[in-house]
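Enquirer: What shape does this take:
(2 chains)
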Amino acid sequence: MSMLKIDNLHVRAGDKQVLTGLSLEVAAGEVHAIMGPNGSGKSTLVQVLAGREGYEVTAGSVSYDGRNLLALPPEERAREGVFLAFQYPVEIPGVNNVYLLKAGLNAMRKHRGLPELDAYEFLILVREKMKLMHMDESFLNRGVNEGFSGGEKKRNEILQMAVLEPKLALLDETDSGLDIDALRVVASGVNSLRRADRAIVMVTHYQRLLDYIEPDRVHVLSGGRILKSGDKSLALELEKRGYDWVRQEAAVA
Amino acid sequence: MSSNPRDESLEALVGQKYRHGFVTDIEADTVPPGLNEDVIRLISHKKGEPQFMLDWRLKAYRHWLTMREPHWAHLRIAPIDYQAISYYSAPKAPENAPKSLDEVDPKLLETYDKLGIPLHERAKLAGVAVDAVFDSVSVATTFKERLAKAGVIFCSFSEAVQKHPALVEKYLGTVVPYTDNYFATLNSAVFTDGSFVFVPKGVRCPMELSTYFRINAAKTGQFERTLIIAEEGAYVSYLEGCTAPMRDENQLHAAVVELIALENAQIKYSTVQNWYPGDENGKGGIYNFVTKRGECRGANSRISWTQVETGSAITWKYPSCILSGDNSVGEFYSVAVANNYQQADTGTKMIHIGRNTRSTIVSKGISAGHGQNSYRGLVKVLPSAINARNYTQCDSLLMGDKCGAHTFPYMEVRTPTASVEHEATTSKIGDDQLFYCLSRGISAEDAVNMIVNGFCKVVFKELPMEFAVEAQNLLAVSLEGSVG
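Expert: Numbering: from 1, shown residues only, chains lettered A, B, ... in the order given. Alright, predicted model coming up:
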């Protein structure tokens, strides 16, 4: 059974119909890549799944582990295992990076009936995960994304994913703004988090990321719908030929 | 966006009742409402004051009669009937003030308990000397002996007038003259009590000094007078914290605080103010019109004001520094909150007179509900203040779309060698920041607390430890979920 089942999703942002009947199924253990031109609705999709305000679902449904995902407030979705790695992680001045992460983890543990971690236990955990992301100690004491470089912000997102251990991870252009070394670090972090009981949905512009994180399925999103799906070879074809041929194909069909 | 279900639950949270709202049932020895020279003579007589004190009060009163209530602040103030105020109220206790906590009216102690200030415990555990002002007269002072050993005088203002009249006469009104402003002048005429601190030459005060003020008797304006003197090379840290019981009528509070730092002395003055702000419709609440000023009189002296203002219906307050001594330093760190219908017009004045004087101003204003928050600050550099430096940062945080933030910075620089920097930002608690926290599983309430506390962090850092914790809790209660 699919962990995530999106059926005929229509979403409006203001006056604009952004998603126009999007359907997608993702099973546990799978990695899906969603590609598509600018403005095709990629980011909208993951934002809607994470529960961001400002979007109106006008038709369709999203079920997650058999539940109606859209009925849950964003913090509940997070506690149920949905994680969004932001394209533009926001800065929260004065709020300690680790403090936020600890508050998040403990909110989730509480939700699952697990005891909360104290500062010491948490520090051990986060240090171990930081090694994974090649992050140094100074990260612990900085404000949330405050003064982080683009690469540091993205690494921080994956560190959060490593700590929060979601069931469904949504990665929104995690590769954008990364140089090749940072991309390798981020990708190897994500790869180490692939598990049989975890699904990952990556939104990206570029095939480059998929050289490092090999997807099980690749989807082309354009005009608010998925026009074509395939395996990783589809991404290579897109890299070579662009998106137009997919659109034309879809128009003919 | 405004019609989502979260807003409603947040509004419910914002509507939390003021937690310190209760009235202690104690028989008060209250002078009937009204103000004239006889009332002033009566106050002075009841307190057994020396002639100089009465003369000073009367001079102030006569001057006050020539003054007009100021209306330049960005505030809407309902008319105040000064003749409807009772200018003296003291808890009826045994004829002489209690000599130890055991002699204190148990009801008073109960009040402190409700406020979360277990006096015994606090005094013992925290090593804090508490000079508790209940209405207008000090009822309990602890740790006097230890302080006395160090040569530090920490007592009620009335006691200081009795026991140390020469010191009072020498310093009173030298920073805030009785002619200073309408409310300070009124205070000079009618003040009933407050605190007095004297730290002699070369002494580092062995503990934080703390005073808890509390307004209690109905219709009684409270007029505190505080005077702190740090002689050459002395150091003192003074904490002031306030709460008040819930009432419908507005209560006027017009305090005066004077600080004097002589050569190489340092005074740190911290305030957490949580007076009743009025209800969610703007009914009731304290009028907090305070004149606080310190003078760095000696070279290399330093005065720091740190304030966390979450209470009062109206706050009108500008803790200031006169930097007379060469190389002296003035600092002002402030967090001011205006929620519901609260209004705050607060800031500071830094007057640079000496050479190489430096000042730092960090102001964080938070507006929520229909609150109106104004920063008003003056940086004045006189020609004598060669190489003076000022850094000002004032940031405003808006929660919701019905509140306001205003900034009124004034600068008057009369020497080309000075350097004055001003930075200001206004931001809304971002939907982005909030969503980021939510998407990490954190509740909206916790997220707002986190973001606001982060915003205020640089100020909280300046507070003594136990106060910093109290301040964070206060902020949480004052603002829980005010994002709309």
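
Enquirer: near chain A, which residues of the stretch 351-484 of chain B?
Expert: For the stretch 351-484 of chain B, the contact set with chain A under C-beta under 8 Å from any C-beta of the partner chain comprises B:430-433, B:435-444, B:446, B:450-451, B:453-458. Just so you know, the C-beta spots here come from the backbone N, C-alpha and C atoms, and that holds for glycine as well.

Enquirer: Name the residue of the stretch 251-400 of chain B that lies nearest to chain A.
Expert: At 9.3 Å from chain A, B:Asp395 is the closest residue in the stretch 251-400 of chain B, using C-beta to the nearest C-beta.

Enquirer: Can you say which helix or strand has that residue in it?
Expert: Element membership of B:Asp395, judged by DSSP states H and E, is strand B:389-399.

Enquirer: Which elements pack onto that strand?
Expert: strand B:343-352, strand B:358-368, strand B:372-381, strand B:404-413, strand B:419-428, helix B:444-460 (3 or more C-beta pairs under 8 Å, 6 or more residues apart in numbering or on different chains; DSSP states H and E).

Enquirer: Reformat the ones you listed as JSON lines; add mean pLDDT and mean neighbour count.
Expert: Formatted as JSON lines, the helices and strands packed on strand B:389-399 follow (pLDDT from 0 to 100; neighbours: other C-beta atoms under 10 Å in any protein chain shown):
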{"stretch": "strand B:343-352", "mean pLDDT": "93", "mean neighbour count": "26"}
{"stretch": "strand B:358-368", "mean pLDDT": "93", "mean neighbour count": "25"}
{"stretch": "strand B:372-381", "mean pLDDT": "92", "mean neighbour count": "24"}
{"stretch": "strand B:404-413", "mean pLDDT": "91", "mean neighbour count": "16"}
{"stretch": "strand B:419-428", "mean pLDDT": "86", "mean neighbour count": "13"}
{"stretch": "helix B:444-460", "mean pLDDT": "87", "mean neighbour count": "22"}
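
Enquirer: Make CSV out of the ones you listed and add distance to B:Ala254.
Expert: Putting the helices and strands packed on strand B:389-399 into CSV (distance: least, C-beta to C-beta, whole Å) gives the following:
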stretch, distance to B:Ala254
strand B:343-352, 15
strand B:358-368, 22
strand B:372-381, 18
strand B:404-413, 22
strand B:419-428, 29
helix B:444-460, 25
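
Enquirer: which one of the ones you listed lies closest to A:Gly21?
Expert: helix B:444-460 (32.0 Å; C-beta to C-beta).

Enquirer: Render the CA-only coordinates of the closest one in PDB, please.
Expert: This file holds the C-alpha atoms of helix B:444-460, laid out as PDB (Å, rounded to 0.1, in the frame of the first residue of the first chain):
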ATOM      1  CA  ALA B 444       2.100  27.600  17.600                       C
ATOM      2  CA  GLU B 445       2.300  28.900  21.200                       C
ATOM      3  CA  ASP B 446       5.800  27.500  21.700                       C
ATOM      4  CA  ALA B 447       6.900  28.800  18.400                       C
ATOM      5  CA  VAL B 448       5.700  32.300  19.100                       C
ATOM      6  CA  ASN B 449       7.400  32.200  22.500                       C
ATOM      7  CA  MET B 450      10.600  31.000  20.900                       C
ATOM      8  CA  ILE B 451      10.600  33.700  18.200                       C
ATOM      9  CA  VAL B 452       9.800  36.500  20.700                       C
ATOM     10  CA  ASN B 453      12.400  35.400  23.200                       C
ATOM     11  CA  GLY B 454      14.900  35.200  20.400                       C
ATOM     12  CA  PHE B 455      14.000  38.700  19.400                       C
ATOM     13  CA  CYS B 456      14.600  39.900  23.000                       C
ATOM     14  CA  LYS B 457      17.600  37.800  23.700                       C
ATOM     15  CA  VAL B 458      20.200  40.500  23.700                       C
ATOM     16  CA  VAL B 459      18.200  42.400  26.300                       C
ATOM     17  CA  PHE B 460      17.500  39.400  28.500                       C
END
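
Enquirer: following that helix, which helix or strand shows up next?
Expert: With secondary structure assigned by DSSP H and E, helix B:444-460 is succeeded by helix B:465-479.

Enquirer: buried ones in that next one?
Expert: If you call a residue buried by 16 or more other C-beta atoms under 10 Å in any protein chain shown, then helix B:465-479 has these buried ones: B:Glu466, B:Phe467, B:Ala468, B:Glu470, B:Ala471, B:Gln472, B:Leu474, B:Leu475, B:Ala476, B:Ser478, B:Leu479.
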